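J.: Structural data only, the sequence is not supplied:
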């Protein structure tokens, strides 16, 4: 993704995003919950410049440095309350 201002972040376990009753909150929670059953981890999001949040899971078996920014996320996303 080549969108200036977009960044990858992880959601802390107590993130209010999980409490959202929207599709975003549901998908974020489910990727975190079911990530333990597959070769991937959940709880990661892309935050777009307009503050849209896109939850996703990350597989640990993807080879190549182009995925490092998404697999090795070092930012935590805490939305304003």
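T.: Sure thing, it's come through. All values derive from a computational prediction rather than experimental measurement. Residues are numbered from 1 along each chain as shown.

J.: Now do the helix ranked longest in the chain: which elements does it pack against?
T.: Using DSSP state H, we find that the single longest helix of the chain is helix 23-34. Packing contacts for helix 23-34, counted by 3 or more C-beta pairs under 8 Å, 6 or more residues apart in numbering; DSSP states H and E, involve strand 40-47, strand 53-59. For the C-beta atoms, the positions are set from N, CA and C on the backbone; glycine is no exception.

J.: among those strands, which is the most enclosed?
T.: By mean neighbour count, with neighbours taken as mean count of other C-beta atoms under 10 Å, strand 40-47 ranks first of the helices and strands packed on helix 23-34 at a mean of 20.

J.: relative to helix 23-34, how tilted is that one?
T.: 160 degrees (axes from the mean of the first three to the mean of the last three C-alpha atoms, to 10 degrees).

J.: picking up where we left off before, include distance to residue 9 and mean pLDDT when you put the helices and strands packed on helix 23-34 into a markdown table, please.
T.: Converted to a markdown table, the helices and strands packed on helix 23-34 look like this (distance: least, C-beta to C-beta, whole Å; pLDDT from 0 to 100):
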| stretch | distance to residue 9 | mean pLDDT |
| --- | --- | --- |
| strand 40-47 | 6 | 84 |
| strand 53-59 | 9 | 82 |
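
J.: among those, which is nearest residue 24?
T.: Distance to residue 24, taken as C-beta to C-beta, is lowest for strand 53-59 among the helices and strands packed on helix 23-34, at 5.4 Å.

J.: Could you list the paired strands of the closest one along with their orientation?
T.: Strands that pair with strand 53-59, judged by DSSP bridges, come out as strand 40-47 (antiparallel).

J.: coming back round to it: make JSON lines out of the helices and strands packed on helix 23-34 and add distance to residue 18.
T.: Output for the helices and strands packed on helix 23-34, formatted as JSON lines (distance: least, C-beta to C-beta, whole Å):
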{"stretch": "strand 40-47", "distance to residue 18": "9"}
{"stretch": "strand 53-59", "distance to residue 18": "10"}
